[in-house]
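>>> Fold the stuff below for me.
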Amino acid sequence: MTLKVGVVGHGNRGAGLLRMVAKMKDVEVLAVCDKYQDRAESAARSVKNITKKEPLCFTDYREIFNVEGIRALLIFSSWETHIPMAIEAMEHGLDVATEVGGAYNLEECFKLVEVAERTGRQCMMLENCCYGRYELMVKKLVEEGKFGTVVHCDGGYRHDLREEITFGKENRHYRLENYLHRNCENYPTHELGPIAKILRINNGNRFLTLTSTASKGCGLHEFVTLKKADDKELREATFQQGDIVTTVIRCENGETITLTLDTSLPRFYSRQFTVHGTKGLYQEDGDILYLEGLKGKHWLPQSAFFGSGRRNLRRYEHPIWKAYRRQKTGGHGGIDYLVMRAFVESIIEGRKVPIDVYDTALWMSITPLSEKSIAEGSMPQEVPDFTHGLYKTVRERNGGKYDI
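The predicted structure is shown next:
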């Protein structure tokens with residue numbers, strides 16, 4: 001069976017994802033769209049070059065809903081478009097896969113869930129980090145009890161994006177407007193998605209409250225002064241976004257989570273993925289894995305653990321990665337491919353997607369909740385239960401080979 005799709009968004013990220021999708025033998029791209037004509041035409045050429053079939057080409061995504069045969073919409077466009085497009089697509093009978101990003105208000109998160117429930121359509125966030133090699137390895141170790149009881153997790157999006165943000169006008173990139181006008185945890189899901197899966201959030205556990213605190217914002221202004229001194233408008237602008245945003249989430253089962261947004265200062269890339277258990281620790285920064293009872297040294301750098309002890313890698317590797325290592329295809333080390341295959345195969349096989357609309361709405365809701373907490377002087381905010389209490393019952397697993 002072939003999944004026929006429409007694709008929206010052909011910026012830098014969307015272009016790479018479109019090429020990957022077009023190469024999948026069980027996917028047919030019938031239509032592409034971008035609000036910029038040149039990008040839309042580039043998307044159509046890209047598909048034709050790969051498949052020898054030219055898709056329909058639009059600058060208004062609503063035109064896709066009139067294309068006969070399309071079963072799913074893939075949304076690779078700017079953050080603010082994700083939920084509105086997903087809602088309209090489901091209203092037109094399409095399943096949806098959407099790229100990551102935070103919501104702009106809680107109301108749209110509730111609406112996303114309501115429409116999915118009413119229409120029976122599926123909406124999956126393409127959170128590729130949920131398929132990270134080490135994130136899945138740690139999840140497996142936790143499920144096997146090797147971490148004991150998990151009590152705290154850390155995560156972050158720590159990435160020097162000063163050039164991408166400040167050259168947003170030239171590159172038609174949406175981050176600039178967000179950093180000029182919002183102050184929030186604007187990109188929480190890379191770190192939060194894998195942690196939520198490990199803590200079984202929406203599956204026997206839930207987020208209760210969060211608090212967010214933002215530092216002052218100096219990094220972007222200084223970068224503009226140094227690198228874009230001739231841009232008078234941006235040089236005189238005030239960036240609302242704090243340089244460091246720290247968010248603390250409290251879970252019903254007693255765990256805590258700390259998220260850090262750090263994208264407007266000089267630094268190395270890190271998702272800061274850290275899991276603290278009563279019998280073990282995994283820490284991305286420093287490449288540390290600690291398991292009580294492990295023969296030999298207890299504290300092992302990841303390189304030593306996986307380099308001199310490949311038996312341990314084979315022993316603890318998640319089944320998804322055991323199978324995938326033979327392929328090695330797709331961006332970001334393969335996780336783009338894995339998350340997309342999870343969506344495609346779930347829809348084709350009629351399975352529940354592994355990152356469902358309840359996960360999608362919850363993870364995206366962290367952004368408006370953090371914005372409100374910061375505006376109110378770091379006051380705690382109640383995190384909604386988008387499952388209407390269904391989280392209390394462990395939900396049926398997807399059952400597919402990409403199930404997490």
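>>> phi, psi of the residue nearest to residue 253 when sequence neighbours are not counted?
Sequence neighbours aside, residue 205 is the residue nearest to residue 253 in space, at 4.6 Å (criterion: Cβ to Cβ, 6 or more residues apart in numbering). (Each C-beta comes from the backbone N, C-alpha and C, glycine too.) For residue 205, the backbone dihedrals (degrees, to the nearest 10) come out as phi -150, psi 160.
>>> May I have the beta-bridge partners of residue 205?
Residue 205 forms beta bridges with residue 201, as assigned by DSSP bridges.
>>> What of residue 155?
So, taking DSSP bridges as the rule, residue 155 has residue 259 as bridge partners.
>>> mind checking which helix or strand of this protein has the lowest mean pLDDT?
helix 302-307 (a mean of 49; mean pLDDT, DSSP states H and E).
>>> Give me the domain ranges for the protein.
Following automatic domain parsing, the chain resolves into domains at 3-127, 129-318+357-392.
>>> As TSV, those with mean neighbour count and distance to residue 351 would be great.
Listed next are the domains of the chain as TSV, based on neighbours: other Cβ atoms under 10 Å; distance: least, Cβ to Cβ, whole Å:
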stretch	mean neighbour count	distance to residue 351
domain 3-127	20	9
domain 129-318+357-392	19	14
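>>> Among the ones you listed, single out whichever gets nearest to residue 398.
Across these, the minimum distance to residue 398, taken as Cβ to Cβ, is reached by domain 3-127, at 10.6 Å.
>>> For the residue nearest in space to the middle of the chain, give me the pLDDT.
Using Cα atoms, centre = their mean, the residue of the chain that lies closest to the mean C-alpha position is residue 127, 3.2 Å off. What the model reports for residue 127 is a pLDDT of 98.
>>> so what's the closest residue to it other than its chain neighbours up against?
Spatially, and ignoring its direct neighbours in sequence, residue 127 is nearest to residue 193 (3.9 Å; Cβ to Cβ, 6+ apart). Contact criterion Cβ atoms under 8 Å, 6 or more residues apart in numbering gives 125, 127, 129, 130, 355, 359, 363 as the residues in contact with residue 193.
>>> farthest pair in the residues you listed?
For the contacts of residue 193, with distances taken as Cβ to Cβ, the pair at the greatest spread is 129 and 359 (13.0 Å).
>>> before we move on, the earlier item: looking at the contacts of residue 193, which are in strands?
Counted as lying in strands by DSSP state E, out of the contacts of residue 193, are residue 125.
>>> doesn't residue 248 make contact with residue 207?
No. Counting by Cβ atoms under 8 Å, residue 207 sits too far from residue 248 to count as a contact (10.9 Å).
>>> Please save the CA atoms from the top helix by length along the chain in CSV.
For the chain, the helix reaching the highest residue count under DSSP state H is reported as helix 357-375. Listed next in CSV are the C-alpha coordinates belonging to helix 357-375 (Å, rounded to 0.1, in the frame of the first residue of the first chain):
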residue,chain,number,x,y,z
VAL,A,357,-2.4,14.0,19.7
TYR,A,358,-2.4,14.0,23.5
ASP,A,359,1.5,14.0,23.5
THR,A,360,1.6,16.6,20.8
ALA,A,361,-0.8,19.0,22.5
LEU,A,362,0.9,18.5,25.9
TRP,A,363,4.4,19.0,24.8
MET,A,364,3.5,22.1,22.7
SER,A,365,1.5,23.6,25.7
ILE,A,366,4.8,24.1,27.6
THR,A,367,5.5,27.2,25.5
PRO,A,368,2.4,29.3,26.4
LEU,A,369,2.5,28.0,30.0
SER,A,370,6.1,29.1,30.3
GLU,A,371,5.3,32.5,28.8
LYS,A,372,2.6,33.1,31.3
SER,A,373,4.8,32.0,34.2
ILE,A,374,7.6,34.3,33.2
ALA,A,375,5.2,37.2,32.7
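>>> and that helix, what other elements does it pack with?
Here helix 357-375 touches helix 106-119, strand 123-125, helix 189-198, strand 207-214, strand 244-251, strand 381-382, going by 3 or more Cβ pairs under 8 Å, 6 or more residues apart in numbering; DSSP states H and E.
>>> Parallel or antiparallel, which strands does the second one pair with?
Listed by DSSP bridges, the sheet partners of strand 123-125 and their directions read strand 95-98 (parallel).
>>> how far out from the middle of the chain is the partner strand?
When C-alpha coordinates are averaged (Cα atoms, centre = their mean, to the nearest Å), strand 95-98 and its chain have centres 13 Å apart.
>>> Repeat that for stretch 274-290.
Average the C-alpha atoms of stretch 274-290, do the same for its chain, and the two points are 22 Å apart (Cα atoms, centre = their mean).
>>> What's the end-to-end length of that stretch?
With Cα to Cα, to the nearest Å applied, stretch 274-290 spans 11 Å between its terminal residues.
>>> same question, stretch 72-89
Between the opening and closing residues of stretch 72-89 there is a gap of 8 Å (Cα to Cα).
>>> repeat for stretch 113-127
Distance between the boundary residues of stretch 113-127 (Cα to Cα) amounts to 18 Å.
>>> ditto for stretch 24-40
20 Å.
>>> Identify all contacting residues around that stretch.
Stretch 24-40 is touched from outside by 1-11, 14, 18, 21-22, 43-44, 47, 51, 53, 55-61, 63-64, 67, 69-70, 77, 172, 340-341, 344, 348, with contacts defined as Cβ under 8 Å, 6+ apart.
>>> Check stretch 56-65 too.
Residues lying outside stretch 56-65 but in contact with it, judged by Cβ under 8 Å, 6+ apart, are 6, 8, 30-37, 40-41, 43-44, 67, 70, 73, 77, 85, 88-89, 92, 94.
>>> Just the ones of these in helices?
Taking DSSP H, the ones among those that sit in helices are 37, 40, 41, 43, 44, 85, 88, 89.
>>> The spatially closest residue to the third one that is not a sequence neighbour: which element?
Just to be clear, that refers to residue 41. Spatial nearest neighbour of residue 41, chain neighbours left out: residue 57 (6.2 Å); criterion: Cβ to Cβ, 6+ apart. Using DSSP states H and E, the element containing residue 57 is strand 56-58.
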